[in-house]
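Asks: sequence-free structure coming up:
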């Protein structure tokens, strides 16, 4: 059974700081990994999707890396802004689980002005 | 393109009552998912439809939860009777396969409080 863990559970940083969020998964047989953002009271917004054959994906100030063999992914946020404050969720799609996503519990990020 | 729509956004009921949630997926998306997200946790898949057929309902508490997707478009999730532990956000998502990738798009969710 796939298990996804995110560390840290919460993070508070001053504006402008570069930061890294971590995600680990127990079964390396995955099709892809996605990072989502969730604002309070809102649904999930997809940030980046990395296929199992890829090492990283970039979108603006966000960079996600994937090390499939070690079961790890990181989300790097450069020059953080107060608007980045949200919960960040990592999810994997397993090779034997159809299109089902297994989520971590998320990292709650607060960027202080 | 319009996103995934859900209603109601909020619902408060007493335990043992019944409740229903509605989802309208993105046009053309054949796959529809219902997730339960308990406060402080990641979403957990309850049920997955491909068109109007159930693909995965292994984590659906079938003694009290039911879902249907008539005509392969809109879907309804029902809880009857509700328990205190059903308090959560219920998220609907839809996807279609593009280039071998299923990218899921989520609605805003329905926040259920059972008292």
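Replies: Arrived safely. This one's a predicted model, so the numbers in the text were calculated from it and none came from an experiment.

Asks: got the residues of chain A near chain B?
Replies: Counting by C-beta under 8 Å from any C-beta of the partner chain, chain A comes close to chain B at A:4, A:32, A:34, A:36, A:41-46, A:49, A:51, A:89, A:91, A:93, A:98-101, A:103-106. All C-beta spots, glycine's among them, are computed from the backbone N, C-alpha and C.

Asks: among those residues, which ones are buried?
Replies: Among the residues of chain A next to chain B, those classed as buried by 16 or more other C-beta atoms under 10 Å in any protein chain shown are A:4, A:32, A:34, A:36, A:43-44, A:49, A:51, A:89, A:91, A:93, A:99-101, A:103-106.

Asks: Near the residue in chain B positioned nearest to chain A, how many other residues are there?
Replies: Chain B approaches chain A most closely through residue B:42 (3.1 Å), counting by C-beta to the nearest C-beta. Residues near residue B:42, counting by other C-beta atoms under 10 Å in any protein chain shown, number 22.

Asks: Then residue A:87?
Replies: Residues near residue A:87, counting by other C-beta under 10 Å: 21.

Asks: Report the secondary structure state of it.
Replies: Secondary structure for residue A:87, judged by DSSP: H, G, I helix; E, B strand; the rest coil, is strand.

Asks: If the closest residue in space to residue B:50 that isn't next to it in sequence is in a bridge, with which residues?
Replies: Leaving aside its sequence neighbours, residue B:50 sits nearest to residue B:31 (C-beta to C-beta, 6 or more residues apart in numbering or on different chains; 5.5 Å). With DSSP bridges applied, residue B:31 shows beta-bridge pairing to residue B:50, residue B:95.

Asks: so who does residue B:31 touch?
Replies: Neighbouring residues of residue B:31 by C-beta atoms under 8 Å, 6 or more residues apart in numbering or on different chains: A:99, B:48-50, B:55, B:94-97, B:102.

Asks: buried ones in stretch A:21-39?
Replies: Those would be A:21, A:23-25, A:27-28, A:30-38, for stretch A:21-39 by 16+ other C-beta under 10 Å.

Asks: which among those gets closest to residue A:83?
Replies: For the buried residues of stretch A:21-39, the closest approach to residue A:83 (C-beta to C-beta) belongs to residue A:37, at 10.6 Å.

Asks: Let me know the helix or strand that residue A:48 is in.
Replies: Under the criterion of DSSP states H and E, residue A:48 resides in strand A:44-51.

Asks: Least confident secondary structure element in chain B?
Replies: Every helix and strand in chain B was compared by mean pLDDT, DSSP states H and E; the lowest is strand B:101-102, with a mean of 76.

Asks: Neighbouring strands - and their directions - for that one?
Replies: strand B:97-98 (antiparallel).

Asks: OK, contacts around the residue nearest the centre of chain B?
Replies: Note on chain B: the residue nearest the mean C-alpha position is residue B:34, at 2.7 Å, using C-alpha atoms, centre = their mean. Applying C-beta under 8 Å, 6+ apart, one finds that residue B:34 lies in contact with B:23, B:45-48, B:67, B:75, B:77, B:90-92.
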